[in-house]
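Student: Generate a structure from the sequence data that follows.
(3 chains)
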Amino acid sequence: MSKADISIRAAGDYYEEVADTPPDLRTLVKDVTGKPVRRVGRFIQLGLIGAAKCVGGATLPPETAVYLTSRRGDLEVTIEVMQELFRDGHAPKPLSFINTVSNAACYYVARHFELHGRSCFVGGGSFGFETALDLALLEMRAGIVRSALVGCIEIATDPLALHRQRLSLAPDAAVAEASHWLWLEASRAPDAMGSVGGVEFFTSLGDLAAWFGRQGVGADSTAFSQGQFLADGEAAAIRRELGLRKAFNYRAGRGYYDCLSGALVSAFLRSEADGASAVLHINADPDGRLAVMLARR
Amino acid sequence: MSRSYFLGAGLHTRLGRGVKANIDAMFGALPTPQVIQVPLGEGHEPAPVMLLHDAPLEDVEQRLWRVIEGVASEALEAAGLTEAQRRETVLLLGSSSVDIAASEAIYQRGLRDCANAHPLMANSSLGEMADRIRRRFNLAGADYTISTACTASANALVYADALVKSGRAKFALVMGVETFNIITALGFHGLALLAPNGMRPFDKGRGGIVLGEGCSALVVGQKRNGARFHLRGSANLCDIFGMSTANPDGTTVSGVIKMALEASGTKASEINGIKAHGTASLLNDEAEAAGMRQVFPQLPQLCALKPFIGHTFGACGLNELILLTGLLERGYFPAAPGICAEPSDLDITLAQAPQPIEPGVFMLNYFGFGGNNTSLVVANVEG
Amino acid sequence: MDKAALVEELKQLIITECDKEFEPSEMDTEAPLMNGPFDLDSLDALQIALAIKERYKVRIEGGPDGRKAFASISALADFIIESRSSA
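Tutor: Now for the predicted structure:
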């Protein structure tokens, strides 16, 4: 762990492939968080479940910050409000309208854990999780934040055929819902699961390679991980350039959802990953930008 | 200590198009809100609005983009960023509704053509607007769409400042965007928070909000280029008292103010003026007045800018920052003509004409849905 | 309008609109609706008011009228019956 590293205290996930109708989550929320939560839809429920699975029985410092991201946001409540308003002619219900603000889920997560620290929702295109983690690391390294939850939520909506169309997926594409969370601490925790070395964005492979060279992790002990939107050909070229022989694939067998990057760290920490002690995750966007996450166990 | 400076701004609100027109208008009377009829089912509901100056509410999809393009251009040109510098610029977009106005228009058109149309089929990615802005202006840095309700663009500035100070970015383009949309209009109608006769924050005649539209852009960077204002410090905290209101006892408001003072190394007595959030709802005004008094035994002069432009939600952070700093650069502190001329029920008085003021240290406060509270300390003096 | 039937409808409306896990039979129709055993807040009140406006075409404004309407489930039923008969 280098000086700039941030400790990973815990990681937790919700992931379910959705074959037909997205499942009711009310009972699961109650089981995982220990109390029923009213006036929230599936997006917020998924956030609470993922965050509670991450934190487990631990008590978060009350000043813990919450950084949340999603590419599609709370599709369910937004679609419901739009249909009721424009198709059916009913004004938005107050409780639905309030939950259309993207940061509603941050509020419910903070309230569940009785947190009063920073609270941020950052929407993203191809790099949602990377940008949320980036902001968390930025403020932790600046000494502004000492403890942070960083998470992502993506839900599916009923009917699934329309959901696939909305996401520009093939009619038979496997679809999933997920909520991935990390609990980070700025101090070196003795019982940490691992650490996050950094998040960076590049427009050239040369800059990326130069940065990687400065990170003090050996190419032999680092696994390459191909991000969701990085094409196979480009991935192979990057891997060759960086000389990374080990690979870590956390994407195989998963249904589609945005923010898949959120699954990386916890999947890596729970895996053997070919004996690698670090993982370098590279994602790309249609404009040729590269987003890099480095984590160590 | 490294600082990031405000290098150039762009602004389009009810007051005018361009920063200069906006600041000029702050020497005049408050604009009167317009009441528009928002279609709902077979009928209509009235909604008080302050729409963008010189931008009729038509062709909503193109309108939104044209406004953003104009404001971003103004800021980038004012900052004098070269093509090469633009490629080193990150984008932080602060918005609550993002492009929902366009999604509404597309869905309504779809329903007219086919009763079986579905919403959000074309633009369901929250990052799409930022992608479009980045591509249009050749910004090659990372982009962040900050969506924390009414604090969104204030928080976008906070993160932009952190990115520049840490050396992660040479420049940041911060934007605040909020345009009229039917969901927000009828949503606030349902919350009984709309005031047809204009916003009267801290005034006994308060009646809630007027829906404002606004788009703002600010380039921040390490080089001074003659720019004077900078963010001296800030704080953002979550208030879990309620989804839609700060704790009325003022403790969470005073908490975020104290933290911003501490983060900026500023004593309460050094603050020369405060831009209040001032949404003119009883709960906000009470919480905000109580919170300020817990930190400032003697309140510095206050201003509230929503009476000029309406509540511009996610964009109000940057809109109001540009209005305040723009007027301060001309040597004046804002007035609120006709509001709180005499001490109000909350014992607050607002200036009735712009007040001459020296450069100094100023505070801007914002409190949003989801308990998101932000306090900024800006200065146009060094130290 | 039959008050007993309306009271039962209102109980169900409150359970649905406010996402509460009450049994209708356990809801005290004379208990204060706000700041009482139902643990409802101002957002719940707005939600209930909008549902009542859509379903019964009765507007509940803020102020003294609103306080009277929300005094209890029974008072809310009376308010709806009175408003509809005077409309």
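Student: what's the model's confidence in stretch B:265-275, averaged?
Tutor: Across stretch B:265-275, pLDDT averages out at 98.
Student: Kindly report the same for stretch C:44-62.
Tutor: Here stretch C:44-62 scores 92 as its mean pLDDT.
Student: buried set for it?
Tutor: C:44-52, C:56, C:58, C:60 (16 or more other Cβ atoms under 10 Å in any protein chain shown). (Glycine included, C-beta is placed from N, CA and C.)
Student: Kindly report the same for stretch B:189-201.
Tutor: By neighbour count on 16+ other Cβ under 10 Å, the buried set for stretch B:189-201 is B:189-195, B:198-201.
Student: before we move on, what about stretch C:13-27?
Tutor: In stretch C:13-27, counting by 16+ other Cβ under 10 Å, buried: C:13-15, C:17-20, C:27.
Student: Show me those residues that map onto helices.
Tutor: Judged by DSSP state H, the subset of these located in helices is C:13-15, C:17.
Student: Looking at these, spot the one nearest chain A.
Tutor: C:E17 (7.5 Å; Cβ to the nearest Cβ).
Student: taking the buried residues of stretch B:189-201 one by one, which sit in helices?
Tutor: Under the assignment DSSP H, these contribute B:189-190 to helices.
Student: Using a markdown table, lay out the buried residues of stretch C:13-27 together with pLDDT.
Tutor: Shown next, in a markdown table, are these (pLDDT from 0 to 100):
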| residue | pLDDT |
| --- | --- |
| C:L13 | 97 |
| C:I14 | 97 |
| C:I15 | 96 |
| C:E17 | 96 |
| C:C18 | 96 |
| C:D19 | 94 |
| C:K20 | 93 |
| C:M27 | 96 |
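Student: Look up which helix or strand residue 31 falls in, please.
Tutor: Chain wasn't specified; assuming chain A. Assessed by DSSP states H and E, A:D31 sits inside helix A:26-33.
Student: Would you mind measuring from the most centrally placed residue in chain B to chain C?
Tutor: With distances taken as Cα atoms, centre = their mean, the residue of chain B nearest its centroid is B:C316 (1.3 Å). For B:C316, the distance to chain C equals 22 Å [Cβ to the nearest Cβ, to the nearest Å].
Student: quick one, phi psi at that residue?
Tutor: phi -60, psi -30 (degrees, to the nearest 10).
Student: which non-adjacent residue is nearest it?
Tutor: The spatial neighbour of B:C316 that comes closest, neighbours along the chain excluded (Cβ to Cβ, 6 or more residues apart in numbering or on different chains), is B:C150 at 5.9 Å.
Student: Is there proximity between stretch A:29-41 and chain C?
Tutor: Yes. In terms of Cβ under 8 Å from any Cβ of the partner chain, part of stretch A:29-41 sits within range of chain C, namely A:36, A:38-39.
Student: ChimeraX command to pick out the buried ones of those?
Tutor: Those of these that count as buried under 16+ other Cβ under 10 Å are selected in ChimeraX with:
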select /A:39
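Student: from the residues of stretch A:29-41 next to chain C, which is closest to chain C?
Tutor: A:R38 (4.0 Å).
Student: so what's the closest one up against?
Tutor: A:R38 sits next to C:18-21 when contact means Cβ atoms under 8 Å, 6 or more residues apart in numbering or on different chains.
Student: returning to what we had before: which secondary structure elements does the helix holding A:D31 contact?
Tutor: Judged by 3 or more Cβ pairs under 8 Å, 6 or more residues apart in numbering or on different chains; DSSP states H and E, the packing partners of helix A:26-33 are helix A:42-55.
Student: angle of whichever helix or strand comes after the helix it packs on against helix A:42-55?
Tutor: Downstream of helix A:42-55, the next assigned helix or strand under DSSP H and E is strand A:65-70. Compare the direction of strand A:65-70 with that of helix A:42-55 by axes from the mean of the first three to the mean of the last three Cα atoms, to 10 degrees and you get 130 degrees.
Student: Whether strand A:65-70 contacts chain B - can you check?
Tutor: Yes. Under the criterion of Cβ under 8 Å from any Cβ, strand A:65-70 makes contact with chain B via A:66, A:70.
Student: ok now that strand, how far from the chain's centre?
Tutor: 9 Å (Cα atoms, centre = their mean, to the nearest Å).
Student: any idea which residue sits dead centre in chain C?
Tutor: Closest residue to the average C-alpha location of chain C: C:L76 at 4.6 Å, with Cα atoms, centre = their mean.
Student: Can you name the residues of chain C sitting close to chain B?
Tutor: By the rule Cβ under 8 Å from any Cβ, the part of chain C lying against chain B is C:41, C:43, C:46, C:50, C:62.
Student: From the residues you listed, pick the one nearest B:H277.
Tutor: The closest of the residues of chain C next to chain B to B:H277 turns out to be C:L43 (Cβ to Cβ; 19.7 Å).
Student: doesn't that closest one fall inside a helix?
Tutor: Yes. Under DSSP: H, G, I helix; E, B strand; the rest coil, C:L43 sits within a helix.
Student: what sits against it?
Tutor: Taking Cβ under 8 Å, 6+ apart as the definition, contacts of C:L43 comprise A:39, A:94-95, A:98, B:242-244.
Student: tell me which of the residues of stretch A:29-41 next to chain C is nearest to chain B?
Tutor: Checking the residues of stretch A:29-41 next to chain C against chain B by Cβ to the nearest Cβ gives A:R39 as the nearest, at 8.6 Å.
Student: Just confirm the closest one is within a helix.
Tutor: No. A:R39 is assigned coil when assessed by three-state DSSP, not a helix.
Student: quick one, helices of chain A?
Tutor: For chain A, the helices defined by DSSP H cover A:26-33, A:42-55, A:75-82, A:94-99, A:104-112, A:128-141, A:160-166, A:205-213, A:232-242, A:264-269.
Student: Would you reformat these as CSV and include distance to B:S254, mean neighbour count and mean pLDDT?
Tutor: Formatted as CSV, the helices of chain A follow (distance: least, Cβ to Cβ, whole Å; neighbours: other Cβ atoms under 10 Å in any protein chain shown; pLDDT from 0 to 100):
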stretch, distance to B:S254, mean neighbour count, mean pLDDT
helix A:26-33, 30, 16, 96
helix A:42-55, 28, 25, 98
helix A:75-82, 32, 22, 97
helix A:94-99, 25, 26, 95
helix A:104-112, 19, 26, 98
helix A:128-141, 22, 26, 97
helix A:160-166, 44, 17, 97
helix A:205-213, 42, 15, 96
helix A:232-242, 50, 14, 96
helix A:264-269, 37, 24, 97
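Student: Quick one: closest of the ones you listed to B:Q62.
Tutor: Per Cβ to Cβ, nearest to B:Q62 of those: helix A:75-82, 20.5 Å.
Student: Around chain A, pick out the residues from the stretch 151-300 of chain B.
Tutor: Residues of the stretch 151-300 of chain B lying close to chain A by Cβ under 8 Å from any Cβ are B:155, B:159, B:162-163, B:165-166, B:168, B:182-183, B:186-191, B:236-240, B:243-244, B:252, B:255, B:263.
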